[in-house]
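Visitor: the following block contains a protein sequence and its predicted model.
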Amino acid sequence: MPDTKTKTTDDKVLKSEEQWRRELSPMQYAVLREKATERPFSGEYEHDHRAGTYVCAGCGNVLFESDAKFDSGCGWPSFTQPAVESHVDEEHDASHGMVRTEVLCSKCSGHLGHVFPDGPGPTGLRYCINSAALKLEPK
């Protein structure tokens with residue numbers, strides 16, 4: 001019988017693929033667990049300007065604040081920096097014939113998107129994040 005409980009190890013959330021499929025929408029599962037990308041300009045937070053905190057749709061980890069969000073024109077919500085640096089992990093990504101830096105949730109290892117060095121100040125970074133990987137907690 002499959003384990004139906006969520007396990008945490010060193011603040012990591014560990015769930016079976018069956019649990020993830022049950023708890024996430026098909027698009028959330030594809031993005032967070034299978035590293036898919038939603039079509040540009042299709043995500044619910046692309047043009048959302050409400051104040052609040054963006055958390056991981058998979059585990060609730062605080063990821064980005066709305067004051068770090070900007071319109072980059074790339075088709076996905078973009079942020080200049082994470083709310084808490086240790087809440088996101090970065091990995092080298094050489095898939096699809098490109099070299100990029102993948103951004104992951106540090107708590108559940110869910111794929112969020114990518115970070116690029118072409119953003120505005122103060123960081124010069126553009127965290128290009130899939131809406132399906134996020135949930136907005138309005139202020």
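Guide: Thanks, I have the structure now.
Visitor: mind listing what's buried in the helix or strand harbouring T101?
Guide: Using DSSP states H and E, T101 maps to strand 100-105. Buried residues in strand 100-105, defined by neighbour count with 16 or more other C-beta atoms under 10 Å: R100, E102, V103, L104, C105. Yep, even glycine has a C-beta here, placed from its N, CA and C like the rest.
Visitor: pull the residues that contact it.
Guide: 32, 35, 56, 58-59, 61, 63, 87-94, 110-116, 127, 129, 133 (C-beta atoms under 8 Å, 6 or more residues apart in numbering).
Visitor: can you list the strands that that strand pairs with?
Guide: With DSSP bridges as the test, strand 100-105 is paired with strand 88-93 (antiparallel), strand 111-116 (antiparallel).
Visitor: picking that back up, distance to K139 added to the buried residues of strand 100-105, as CSV?
Guide: Formatted as CSV, those follow (distance: C-beta to C-beta, whole Å):
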residue, distance to K139
R100, 31
E102, 29
V103, 23
L104, 26
C105, 21
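Visitor: could you dump those residues to CSV with distance to A68 and pLDDT?
Guide: Shown next, in CSV, are the buried residues of strand 100-105 (distance: C-beta to C-beta, whole Å; pLDDT from 0 to 100):
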residue, distance to A68, pLDDT
R100, 20, 92
E102, 19, 97
V103, 13, 98
L104, 18, 98
C105, 16, 98
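Visitor: which of those sits closest to P138?
Guide: The closest of these to P138 turns out to be C105 (C-beta to C-beta; 20.3 Å).
Visitor: could you give the bridge partners of the closest one?
Guide: V88.
Visitor: related to what we said a few turns ago, how about the strands paired with strand 100-105, which one is nearest G75?
Guide: Proximity to G75 (C-beta to C-beta) singles out strand 111-116 among the strands paired with strand 100-105, at 11.1 Å.
Visitor: from the chain's centre, how far out does that closest one sit?
Guide: 7 Å (C-alpha atoms, centre = their mean, to the nearest Å).
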